[in-house]
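Novice: sharing a model that was predicted from the sequence below.
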Amino acid sequence: MNPSEWFTEQVPAAGSAFSLKIKQKVHEEQSEFQHLEIYETETFGNLMVIDGCTMVSTRDNFFYHEMMSHPALYTHPDPKRVWIIGGGDCGTLSEVLKHPSVEQAVQIDIDERVTRLAEIYFPELCESNNDPRAELKFIDGIKWVKDAAPDSVDIIIVDSTDPVGPALGLFSEDFYRDCFNCLSENGMIVQQSESALYNMTLIGEMRNAMSVIGFNHLQTLFFPQCIYPSGWWSATIASKADLTTFREQDSANKPFETVYYNVDIHKASLAQPEFFKNAFGL
């Protein structure tokens, strides 16, 4: 296909690719950390691409941002302090701040340019950036967690790129241990865990590392995300407390609007595909 008309992300190992028809490339730059591109597409609104990989589009970002935030926030008994590691497009931050119980939401992304571009091309995701409960930090999230005191935070959401480059350390046992040490009694970490169709080895390595350092309760959630490889994505929650129940009544009566998440989607996300149960002895 003509590269001036289509953006295509190839996944050679999986023998697949995903394409979007584009109107034009509206921005391109090399930041200190990664290569950033913004496209105006014909049917998906704006598209952000980082190091050649699709990151966020206007049309379908709600799947990811809602499922990275609301299941964990409605599972924790009283989430007041939330950190988002990565998440520079600010979509997850916006969803977190919909919860009245949240008193502090800190977004820690190493690359400020991602946020500044999101403010221009995805302003709807950045509407809560000036919320008095929000704090944006453009520093190393791995070091932030490592230096944190015990009982500093209730939920850590790792809204990262793929496990390469600046994000590689976010998938390590050392990082999970640092998260465990600074979480509160019922604390939990939520991390995007790639495609269950393409990345089962990675998910297994993540779950094993989380278990080894003391997270006794794990739950992998599945949701559609058509611009990501395979169109089927996941997030894995590791918790110090039980994950099989959640604040169902609060979820059913949530005081804000969502596009995808609701109480029934939350219930459904607790179910595990047969191949997944067999792989991990669930």
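Specialist: Everything's here; your move.

Novice: residues in contact with the closest residue to Leu221 other than its chain neighbours?
Specialist: Setting aside the residues directly before and after it, Leu221 is nearest to Ser269 in space (Cβ to Cβ, 6 or more residues apart in numbering), at 4.3 Å. All C-beta atoms are positioned from the backbone trio N, CA, C, and that covers glycine. By Cβ atoms under 8 Å, 6 or more residues apart in numbering, Ser269 lies in contact with 67, 71, 219, 221-223.

Novice: need these in TSV with secondary structure, can you?
Specialist: Supplementary listing: these in TSV, determined by DSSP: H, G, I helix; E, B strand; the rest coil:
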residue	secondary structure
Met67	helix
Pro71	helix
Gln219	strand
Leu221	strand
Phe222	strand
Phe223	strand
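
Novice: got the domain ranges for the chain?
Specialist: 6-57, 61-271 (automatic domain parsing).

Novice: identify whichever of those lies nearest to Gly281.
Specialist: For the domains of the chain, proximity to Gly281 was assessed by Cβ to Cβ; domain 61-271 is nearest, at 10.8 Å.

Novice: ranges for the strands of the stretch 151-282 of the chain?
Specialist: 153-159, 183-192, 217-224, 232-239 (DSSP state E, counting those that start in this stretch).

Novice: tell me the most buried of those strands?
Specialist: Per-residue neighbour counts averaged over each of these give the maximum for strand 153-159, namely a mean of 26 (mean count of other Cβ atoms under 10 Å).

Novice: what angle separates that one from strand 232-239?
Specialist: 160 degrees (axes from the mean of the first three to the mean of the last three Cα atoms, to 10 degrees).

Novice: give me the low-pLDDT residue ranges for this structure?
Specialist: Counting by pLDDT under 70, the chain contains no low-confidence range.

Novice: what ranges do the helices span in it?
Specialist: Taking DSSP state H to define them, one finds helices in the chain at 61-75, 91-96, 112-121, 141-147, 173-182, 200-212, 248-252, 263-269, 274-280.

Novice: so which of those is the most packed in?
Specialist: Among the helices of the chain, helix 91-96 has the highest mean neighbour count (mean count of other Cβ under 10 Å), at a mean of 26.

Novice: contacts for that one next, please.
Specialist: Helix 91-96 is contacted from outside by 56, 61, 64-66, 68-70, 73, 82, 84, 87, 102, 105, 107, 122, 125-129, 134, 157, 159, using Cβ under 8 Å, 6+ apart.

Novice: hmm, back to that, can I get the contacts of Ser269 in JSON lines including distance to Asn2?
Specialist: Supplementary listing: the contacts of Ser269 in JSON lines, determined by distance: Cβ to Cβ, whole Å:
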{"residue": "Met67", "distance to Asn2": "34"}
{"residue": "Pro71", "distance to Asn2": "40"}
{"residue": "Gln219", "distance to Asn2": "43"}
{"residue": "Leu221", "distance to Asn2": "37"}
{"residue": "Phe222", "distance to Asn2": "34"}
{"residue": "Phe223", "distance to Asn2": "32"}
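
Novice: could you work out the most separated pair of those?
Specialist: Taking Cβ to Cβ as the measure, these reach their widest spread between Gln219 and Phe223, a distance of 12.9 Å.

Novice: what's near enough to touch Glu40?
Specialist: Under the criterion of Cβ under 8 Å, 6+ apart, the contact partners of Glu40 comprise 22-26, 46-47.

Novice: do the same with Val102
Specialist: With contact taken as Cβ under 8 Å, 6+ apart, Val102 is in contact with 73, 79-82, 96, 133.

Novice: try it again at 6 Å.
Specialist: 82, 96 (Cβ atoms under 6 Å, 6 or more residues apart in numbering).

Novice: quick one on the thing from earlier: out of the strands of the stretch 151-282 of the chain, nearest to Ser31?
Specialist: Taking Cβ to Cβ, strand 153-159 is the member of the strands of the stretch 151-282 of the chain nearest to Ser31, at 17.5 Å.

Novice: show me what the closest one is packed up against.
Specialist: Judged by 3 or more Cβ pairs under 6 Å, 6 or more residues apart in numbering; DSSP states H and E, the packing partners of strand 153-159 are helix 61-75, strand 81-86, strand 183-192.

Novice: tell me how many other residues surround Pro255.
Specialist: 8 (other Cβ atoms under 10 Å).

Novice: please name the nearest non-neighbouring residue to it.
Specialist: Spatial nearest neighbour of Pro255, chain neighbours left out: Pro100 (6.7 Å); criterion: Cβ to Cβ, 6+ apart.
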